[in-house]
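Participant: here's a sequence, model it:
(2 chains)
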Amino acid sequence: MIRYSAEHLWVRLDENGLGAVAGITRHAQDTLGDIVLVDVGARGPQAENTVIGTVESVKTASDLHMPLDADIVEVNPALQDNPGLVNEDPQGAGWMVRLERLDSARFATLMDEAAYQAHTGA
Amino acid sequence: MTLPSTAVDVIDQSVPLVPGDALHALRRQRPKIVDATQGSYDAMFAPGVAGVSVIERLAVALHACRLGGAAPLAAHYRERLQSEGASAATVAAADGQADAPDARTAALLGFTAKLTHKPIEGDHQAVKALESVGLQPEALVAVGQLIAFLSYQIRLHAGLRALAAAGPGPAESTAQAGAAAPAPVSALLPNPIRIHGFTNEVLDWRPWVEPVRLEEATPEQLAALDAMSPTAKDQAYFRLLAHQPEMLLQRSIAFNAIMFAPGGMPRAERELGATVESRLNGCVYCASVHAQRFEQLAKRNDVIAQLFDDPANAGTTVREKCIVRLSAVLGLAPAELGAAHVHEARAAGLSDTETLDLVHAVALFAWANRLMLNLGEPIHLDGTLAEKGRL
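Facilitator: Presented below is the predicted three-dimensional model:
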């Protein structure tokens, strides 16, 4: 199951419902252009909307906001050498953080696909 | 394909740095930069570069290093120039000890002197002067890239010599590197900032030399553009540099490795170093881009306004003032950078890893500014000419 935040992150729940992975949306990477750096410095418990890092493209630098309360337990190591994975496969190989102990009630209230499409005006 | 012209690393040889030295090891913490620096050197002097001979390029290199006060690098290029069979008159002219033996050499050395010392004086007439002695776009880009690269090489050499002269620094832990970034101490000033011709507005750039036309581009040119970024094909600057694809490729690798390498000096401070160099060289376009990037990363622009107004006194913290001062000395008078500047940086909280990151960033923009200032001009998004920077 996948949900979206207003700050253009997607969150995909693991099948067991205990963990999730998150990254920026296809719409976000389209808007940013070619990604040259993903720098996520935050680890451990993070509150929703906390700035957890930065994503830089050839056009701009943008903060990454925590989509919901959770623990960051891993940052995608492949992005260090190949940040372009975010452009190539933003909702697959370009994932950014692995989350645990997430607020499942909050997850359920994040936007679904249709709501996010409406949010971006697509 | 570019074949290595030398088995040794020219920077290691000229500083000198040898395996086992702490500074040799420090430099190897950024292996992509080491490789791209040597790769750029190899591309600059590749035999296959059309329109400007290896002897002419080595003469330009010797002249730039003499003017830049980098005696060990000058000695390297003098030796190569002589081994290539250059005439005594050409070597003497490149060494600044005699007039150039012909109009073409005079034009090349004159262009070298202008770009090396006062890149802001670059203008369309200087490019036309080179065209008048027979340089086609491919050769013009090669010469522009070469002189710009030499400005980078001279500053990297100077930075490493200063670090060597300062002796070993305090032991660094992973936690220390990058941890001492200045706290934001002031607010965002109203945008846009416009001071002395410099701005943080978005600008565009117009070339004076015909860029590569995509429909006529070779596979190597297209590959170099793709390696830069999928959107590089849309930008006149990169299509212009694609006249020399291997030089463009190595420049792009160096750029990404220097500006986006993880750890070490915080990204915002690298952008500040780039902006200092651009401000002092009068590169309105680069100053604009990297002032924007600093602001995006640091969430403030107070130091940018200070820098545009009065670079000698810019900086909101001791650390930031030190970064600006070190960048300014390295940018304007690399031969004057010494151990005292490194000691000052250490006292201000910079690790040697961070100082080397700053040296790389400033040196890189010594390179980038010279291309931007001497192969074209900044324009507003509506196509009107941007104001010229006032130093």
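
Participant: for the residue positioned nearest the centre of chain A, give me phi and psi.
Facilitator: Nearest residue to the geometric centre of chain A (CA atoms, centre = their mean): A:Gly23, 2.4 Å. Backbone torsions of A:Gly23, given as degrees, to the nearest 10, read phi -170, psi -170.

Participant: residue numbers of chain A in contact with chain B?
Facilitator: Residues of chain A found near chain B, taking CB under 8 Å from any CB of the partner chain as the criterion, are A:33-34, A:36-37, A:39, A:54, A:56, A:58, A:60-62, A:80, A:83, A:87. The C-beta positions use only the backbone N, C-alpha and C, and glycine is treated the same way.

Participant: hmm, which of the residues you listed are the buried ones?
Facilitator: A:Asp34, A:Val36, A:Leu37, A:Asp39, A:Thr54, A:Glu56, A:Ala61, A:Ser62, A:Pro83, A:Asn87 (16 or more other CB atoms under 10 Å in any protein chain shown).

Participant: pretty sure the fourth one contacts B:Arg267?
Facilitator: To tie it back to what came earlier, the one meant is A:Asp39. Yes. Here A:Asp39 reaches B:Arg267: they are 7.1 Å apart, a contact under CB atoms under 8 Å.

Participant: shared neighbours, these two?
Facilitator: A:Thr54, A:Glu56 (CB atoms under 8 Å, 6 or more residues apart in numbering or on different chains).

Participant: in which helix or strand would I find the residue lying closest to B:Val52 once chain neighbours are set aside?
Facilitator: Using CB to CB, 6 or more residues apart in numbering or on different chains and skipping the chain neighbours, the partner closest in space to B:Val52 is B:Ala139 (4.4 Å). For B:Ala139, the element it lies in under DSSP states H and E is helix B:137-166.

Participant: could you do A:Gln91 as well?
Facilitator: Applying DSSP H and E, one finds A:Gln91 in no helix or strand.

Participant: could you point out which element follows the helix holding B:Ala139?
Facilitator: Counting by DSSP H and E, what follows helix B:137-166 is strand B:194-195.

Participant: which stretches of the chain have low pLDDT?
Facilitator: You didn't say which chain, so I picked chain A. For chain A, applying pLDDT under 70 flags the ranges A:122.

Participant: oops, chain B please
Facilitator: Chain B contains residues with pLDDT under 70 at B:1-7, B:173-187.

Participant: and it, which residues reach chain A?
Facilitator: B:Ser229, B:Pro230, B:Thr231, B:Asn256, B:Phe260, B:Pro262, B:Arg267, B:Gln292, B:Arg293, B:Gln296, B:Leu297.

Participant: please repeat the previous calculation with a cut-off of 10 Å.
Facilitator: Within chain B, the positions near chain A by CB under 10 Å from any CB of the partner chain are B:32, B:178, B:202, B:228-232, B:235, B:255-256, B:259-263, B:266-268, B:271, B:289, B:292-299.

Participant: ok, the residue nearest to the centre of chain A - contacts?
Facilitator: Residues in contact with A:Gly23 (CB atoms under 10 Å, 6 or more residues apart in numbering or on different chains) are A:8-12, A:29, A:38, A:55, A:64, A:67, A:76, A:79, A:85-86, A:89-97.

Participant: again, only this time at 8 Å
Facilitator: A:Gly23 makes contacts with A:Leu9, A:Trp10, A:Asn76, A:Val86, A:Pro90, A:Gln91, A:Gly94, A:Trp95, A:Met96, A:Val97, as judged by CB under 8 Å, 6+ apart.

Participant: got those as JSON lines, with secondary structure columns?
Facilitator: Output for those, formatted as JSON lines (DSSP: H, G, I helix; E, B strand; the rest coil):
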{"residue": "A:Leu9", "secondary structure": "strand"}
{"residue": "A:Trp10", "secondary structure": "strand"}
{"residue": "A:Asn76", "secondary structure": "coil"}
{"residue": "A:Val86", "secondary structure": "helix"}
{"residue": "A:Pro90", "secondary structure": "coil"}
{"residue": "A:Gln91", "secondary structure": "coil"}
{"residue": "A:Gly94", "secondary structure": "coil"}
{"residue": "A:Trp95", "secondary structure": "coil"}
{"residue": "A:Met96", "secondary structure": "coil"}
{"residue": "A:Val97", "secondary structure": "strand"}
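
Participant: which of those lies closest to B:Thr105?
Facilitator: The nearest member of these to B:Thr105, counting by CB to CB, is A:Val86 at 49.2 Å.

Participant: chain A: helices as residue ranges?
Facilitator: A:26-32, A:78-81, A:85-88, A:104-109, A:113-120 (DSSP state H).

Participant: same list (the contacts of A:Gly23) but as TSV, adding neighbour count.
Facilitator: TSV is the format used below for the contacts of A:Gly23 (neighbours: other CB atoms under 10 Å in any protein chain shown):
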residue	neighbour count
A:Leu9	22
A:Trp10	26
A:Asn76	20
A:Val86	27
A:Pro90	22
A:Gln91	17
A:Gly94	23
A:Trp95	23
A:Met96	24
A:Val97	27
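
Participant: which one of those sits closest to B:Leu332?
Facilitator: Taking CB to CB as the measure, A:Val86 is the one of the contacts of A:Gly23 closest to B:Leu332, at 38.4 Å.

Participant: residues contacting the nearest residue to the closest one once chain neighbours are set aside?
Facilitator: Distance criterion CB to CB, 6+ apart; nearest residue to A:Val86, sequence neighbours excluded, is A:Gly94 at 3.9 Å. By CB under 8 Å, 6+ apart, the residues touching A:Gly94 are A:Gly23, A:Ile24, A:Gln29, A:Asn76, A:Leu79, A:Leu85, A:Val86, A:Asn87, A:Glu88.

Participant: which residue is the nearest non-sequential neighbour of the fifth one?
Facilitator: So the one you mean is A:Leu79. A:Val38 is the one closest to A:Leu79 (CB to CB, 6+ apart), at 4.4 Å.

Participant: cool, the third one as well?
Facilitator: Nearest residue to A:Gln29, sequence neighbours excluded (CB to CB, 6+ apart): A:Pro90, at 4.7 Å.

Participant: I'd say the one you found and A:Ala22 touch.
Facilitator: No. Using CB under 8 Å, A:Pro90 is not in contact with A:Ala22, being 11.1 Å away.

Participant: the strand or helix carrying B:Arg104 vs helix B:137-166, what angle?
Facilitator: Assigned by DSSP H and E, B:Arg104 belongs to helix B:103-117. Going by axes from the mean of the first three to the mean of the last three CA atoms, to 10 degrees, helix B:103-117 is angled at 40 degrees with respect to helix B:137-166.
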